[in-house]
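Participant: Sequence and computational prediction follow.
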Amino acid sequence: MTVTIQSVAPGFHLYKEVTDQDATAFQKALVKNNGKTDHGLRFAKFFGRWKNGAPELLKDLETIERRQGRPPNTNLNAATDPLLDWLDPRSNGEPYRIPGHPLETLEAGNAVQLKAGNARQLKDAADRLKRLTTNRGACFDLNLISRLLIGIGLPHPIENGFLFHPTLAVPYIPGTALKQIARDWAEEAGVSPKELNRLFGAEDHGAGRLAFLDALPCQPVTLTAEQITNHYTGYYQNVIPGEQITDEMHLPADWYEPIPVTLLALDAGFRNRVRFRFAILPLRSATPEEVDEAQKWLTRGLEENGAGARTTLGFGRFEGADGKARREAKLPPRTESRVQAHNPFQVGSDVYCWGEEARIIAITGNQVTVEFTDGQTDETTLTELIPRP
């Protein structure tokens, strides 16, 4: 079956039955018209990378064959990462996976990113939440200050899904997840189980007195790739939970080849914060004081514990105005004397700079001027220096 793609074809459903060239054209057409593309639908239904003649995802077959001890089949030309190619379909008429993005693209620290979301639609959605809580409930904004992994347990051809809003096509945090985050923090704060069941509900207490609405970004967001590495694949694939390890089973040891896995993530950080809007509505005659208390629990839970996956590694952390003040209050004042106190180098110290012998002739904060053995001088930072005995 061969399909000529002149635009975003409405009847393009059987994705695995078209040629690689058609798949490439379709993906590039979607990304080119980025402002109107539903990347959530594109991720879930039109991901691509199907192997011709078989309903299976075309992964890094060369790497798989190498791990199995067979010589790689160079005719496959498949040693590129599916997620990186989805974020940025690099092709000019060649098959979708050629040249593509090899996994080393991410390992080298090169960002592969994609903008998602329509600014006007997101603003309208945020305004609706505000109007909905004008006379009751609470509506507030928090800034996402680290990458967010949400919905990675959803089924997907690359085995790690991602949660997109069904109409706005951006990542979002379901109200059910926010309700659990607030409840967990309230429990840590010492609220009694009886009060928790009354406010948040339980199987024998009904739905509770508070409704947590889905949290939405207030602006278009940037999607990027995150990476985790499995170091003990043989162990995890052979050990059955609850069974005792036998000699025939692989043990978790350091001779396994690490296998990197790419995940889709919402990109955020201290320098590129993403503002999310949250809303809480009272149910069953909840008092304004109870709504305010729930807002505090949710805010502290998002700041201290985070949302989504891998929160113990710092993912999914939010920060409000009060949280920023608390964080900055813990930091000692950033003065020149404090920088010098943590500086192991002094003027006249012998160091290695960029692999060459040098001597420090001036230090200003984190900036250093060094003189090399040939008399040339240059400026660098303290992190580039290694003490020379």
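Facilitator: The structure has been received and is ready for your questions. Residues are numbered from 1 along each chain as shown.

Participant: Quick check: which element contains Leu298?
Facilitator: Element membership for Leu298, per DSSP states H and E: helix 288-304.

Participant: okay, now Leu142: neighbour count?
Facilitator: Neighbour count for Leu142, taken as other C-beta atoms under 10 Å: 22. Any C-beta I mention is one placed from the backbone N, CA and C, and that applies to glycine too.

Participant: And it, its phi and psi?
Facilitator: Leu142 adopts backbone torsions of phi -130, psi 150, taken as degrees, to the nearest 10.

Participant: how close does the closest residue to it other than its chain neighbours sit to Ala202?
Facilitator: Of all residues not flanking Leu142 in the chain, Phe318 sits nearest, at 4.2 Å (C-beta to C-beta, 6 or more residues apart in numbering). Phe318 sits at a distance of 26 Å from Ala202 (criterion: C-beta to C-beta, to the nearest Å).

Participant: likewise Glu304?
Facilitator: 24 Å.

Participant: ok, now Ile145?
Facilitator: Applying C-beta to C-beta to Ile145 and Ala202 gives a distance of 33 Å.

Participant: More neighbours: the two, which one.
Facilitator: Set Ile145 next to Ala202 and count neighbours by other C-beta under 10 Å: Ile145 wins out with 22 against 13.

Participant: ok, that one - contacts?
Facilitator: For Ile145, the contacting residues are 268-270, 273, 317-319, by C-beta atoms under 8 Å, 6 or more residues apart in numbering.

Participant: which SS class is Thr224?
Facilitator: Secondary structure for Thr224, judged by DSSP: H, G, I helix; E, B strand; the rest coil, is strand.

Participant: I'd guessed it sits against Leu263; true?
Facilitator: No. Proximity of Thr224 to Leu263 does not meet the contact threshold set by C-beta atoms under 8 Å, at 9.8 Å.

Participant: Show me the domain layout of the chain.
Facilitator: Structurally, the chain divides into domains by automatic domain parsing as follows: 15-112, 116-330, 336-387.

Participant: Contacts for the helix or strand where Ala44 lies next, please.
Facilitator: Counting by DSSP H and E, the element that carries Ala44 is helix 39-45. Under the contact criterion C-beta under 8 Å, 6+ apart, helix 39-45 has outside partners 15, 27, 30, 86, 114, 116, 156, 161-162, 164-166, 169-170, 223, 264.

Participant: Please indicate which of these are buried?
Facilitator: Taking 16 or more other C-beta atoms under 10 Å as the criterion, what is buried in those is 15, 27, 30, 86, 114, 116, 156, 161-162, 164-165, 169-170, 223, 264.

Participant: hmm, back to that, closest to Arg131 among the contacts of helix 39-45?
Facilitator: His165 (18.8 Å; C-beta to C-beta).

Participant: Can you tell me how far Pro288 is from Gly301?
Facilitator: Taking C-beta to C-beta, one finds Pro288 at 20 Å from Gly301.

Participant: Show me which of those two is the more surrounded one.
Facilitator: Per other C-beta under 10 Å, whichever of Pro288 and Gly301 has more neighbours is Gly301, with 22 against 11.

Participant: ok, now which ones touch that one?
Facilitator: 181-182, 184-185.

Participant: from the residues you listed, which ones fall inside helices?
Facilitator: 181-182, 184-185 (DSSP state H).

Participant: out of the residues you listed, which one sits closest to Glu293?
Facilitator: Of all these, Glu293 sits closest to Ala182, with 9.4 Å by C-beta to C-beta.
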